[in-house]
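> Sequence and computational prediction follow.
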Amino acid sequence: MADFARKLGAGLSRLSGLGDLETGVTERDAVYDEDKLVLYRYKAADQLDKLPRVPLLIVYALVNRPYMTDLQENRSMIRGLLDAGMDVYLIDWGYPDRADRFLTLDDYINGYIDRCVDAIRKSLGREKINLLGICQGGTFSLCYTATHQEKIKNLVTMVTPVDFRTADNILTKSVEHVDIDLLVDTLGNVPGELLNWTFLNLKPFQLMGQKYVDMVDIIKDENSARNFMQMEKWIFDSPDQAGEAFRQFVREFFHKNGLIAGGLRIGDRSIELGEIDIPVLNVYATQDHLVPPDSSRALKDLVGSADYQELTFDGGHIGIYVSGKSQKTIPPAIGGWLAERD
């Protein structure tokens, strides 16, 4: 106990001297904005406009913030994709407030995403772009591609839930009996703190107890302390969710499992994954407790593409973005796969 107290005291001193923690490290330009949304284009060392590459748009989840993909100098999927020769764009959804309560999935998918795609196509004079969807953003990207395939050349999905009713899906078991109408009608927008509490409770002892006991050994020097706090900042930076979009997502995907059961409609468009016949790369993590591998692998039997490939990562839902192993393998593999088809 005395040794623990000594380490904790030294660690607290280091933590108090860290100062502000940056959110995203790669230089970028805002190229389009609408409501809370901002579309960014990331800068590489070379002049992208002179190269005949197909631009890549990253669609992140509405939950948490997209700077997880660009967390630190040595932990940045964005930088890895740039180094692999990609022209990278990303949608930052911002922080919804009460004015956004009645935004629907149709607004996000057939509205915001479609207008961002069109903005990129128009600015570069291109007919099609590449799309990379992450987690919930991957589910959005599947729905978008199924109904706007004429604008997408290649599709990459990353830790993306497809089958929401697999036997090992703890998150589905947590929400399947939730009265989503009562929740949204009562709260309006769904607080980010509530969702974050839900995610942490999927592994309560590890994520809310053991992590902070182990912290005293992690923060033994300034770099380790900064790494720990960068992750803590991201974990608890949880935007509220637009009420109607959240209601629809829970009902159509968690409750009805619409991509598997069929009958899913976004706005006035029917979603049929069998209509997707462009190349698809499905990236998933073998130890993912939020999106189990079987949930992602279900995509193989649903898309109509003759060019479907899977890329596995031996790690978890977050490690696939920030671990040293992932930095060396995932962005180069995605870049190489896209380059072959561009």
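Great, that's in hand.
> from here on, contacts and neighbour counts on C-alpha atoms
OK.
> For T145, pull up the helix or strand it's in.
Per DSSP states H and E: T145 is located in helix 136-147.
> Tell me the buried residues in stretch 193-210?
L195, N196, F199 (16 or more other CA atoms under 10 Å).
> Give me the distance between the second one and G243.
The one in question is N196. N196 sits 16 Å away from G243, going by CA to CA, to the nearest Å.
> List the ones among the buried residues of stretch 193-210 that fall in helices.
L195, N196, F199 (DSSP state H).
> ok now do the second one, which residues does it touch?
What it means is N196. For N196, the contact set (CA atoms under 8 Å, 6 or more residues apart in numbering) comprises I235, F236, S238.
> Backbone dihedrals for the first one, please?
Think I235. Phi and psi for I235, reported as degrees, to the nearest 10, are phi -60, psi -40.
> tell me the contacts of it?
Applying CA under 8 Å, 6+ apart, we find I235 in contact with N64, N196.
> Going along the chain from the helix or strand that I58 is a member of, find the next helix or strand for me.
For I58, the host element (DSSP H and E) is strand 56-59. On the C-terminal side of strand 56-59, the closest following helix or strand by DSSP H and E is strand 70-72.
> now that next one, how far from the chain's geometric center?
14 Å (CA atoms, centre = their mean, to the nearest Å).
> Give the pairing partners of the helix or strand that comes right after that strand; include direction for each.
Per DSSP H and E, the first helix or strand lying C-terminal to strand 70-72 is strand 75-76. Within its sheet, strand 75-76 is paired with strand 70-72 (antiparallel), according to DSSP bridges.
> just to revisit the earlier point, any idea of the mean pLDDT in the strand holding I58?
Mean per-residue pLDDT for strand 56-59: 98.
> counting contacts, what elements does it pack onto?
Helices and strands touching strand 56-59, by 3 or more CA pairs under 8 Å, 6 or more residues apart in numbering; DSSP states H and E, are strand 88-92, strand 129-134, helix 136-147.
> need the ones you listed in TSV with distance to A261, mean neighbour count and mean pLDDT, can you?
As requested, the helices and strands packed on strand 56-59 are exported to TSV (distance: least, CA to CA, whole Å; neighbours: other CA atoms under 10 Å; pLDDT from 0 to 100):
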stretch	distance to A261	mean neighbour count	mean pLDDT
strand 88-92	29	24	97
strand 129-134	22	23	98
helix 136-147	14	24	98
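> Now tabulate those in JSON lines and tack on distance to D342.
Shown next, in JSON lines, are those (distance: least, CA to CA, whole Å):
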{"stretch": "strand 88-92", "distance to D342": "14"}
{"stretch": "strand 129-134", "distance to D342": "9"}
{"stretch": "helix 136-147", "distance to D342": "17"}
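> mind checking which of the ones you listed is nearest E176?
helix 136-147 (17.2 Å; CA to CA).
> so what does that closest one touch, helix or strand wise?
Under the contact definition 3+ CA pairs under 8 Å, 6+ apart, helix 136-147 sits against strand 56-59, strand 129-134, strand 152-158.
> Go again with 10 Å.
strand 56-59, strand 129-134, strand 152-158, helix 243-249, helix 258-261, strand 265-266, strand 269-270 (3 or more CA pairs under 10 Å, 6 or more residues apart in numbering; DSSP states H and E).
> ok, the helix or strand just after the last one: who's next to it in the sheet?
Once the chain leaves strand 269-270, the next helix or strand it forms, by DSSP H and E, is strand 280-285. In the sheet, strand 280-285 lines up against strand 152-158 (parallel), strand 308-313 (parallel) (DSSP bridges).
> Show the pLDDT at the residue nearest to Y308 when sequence neighbours are not counted.
Residue nearest to Y308 in three dimensions, not counting chain neighbours: V280, with 4.8 Å by CA to CA, 6 or more residues apart in numbering. Looking at V280, its pLDDT stands at 98.
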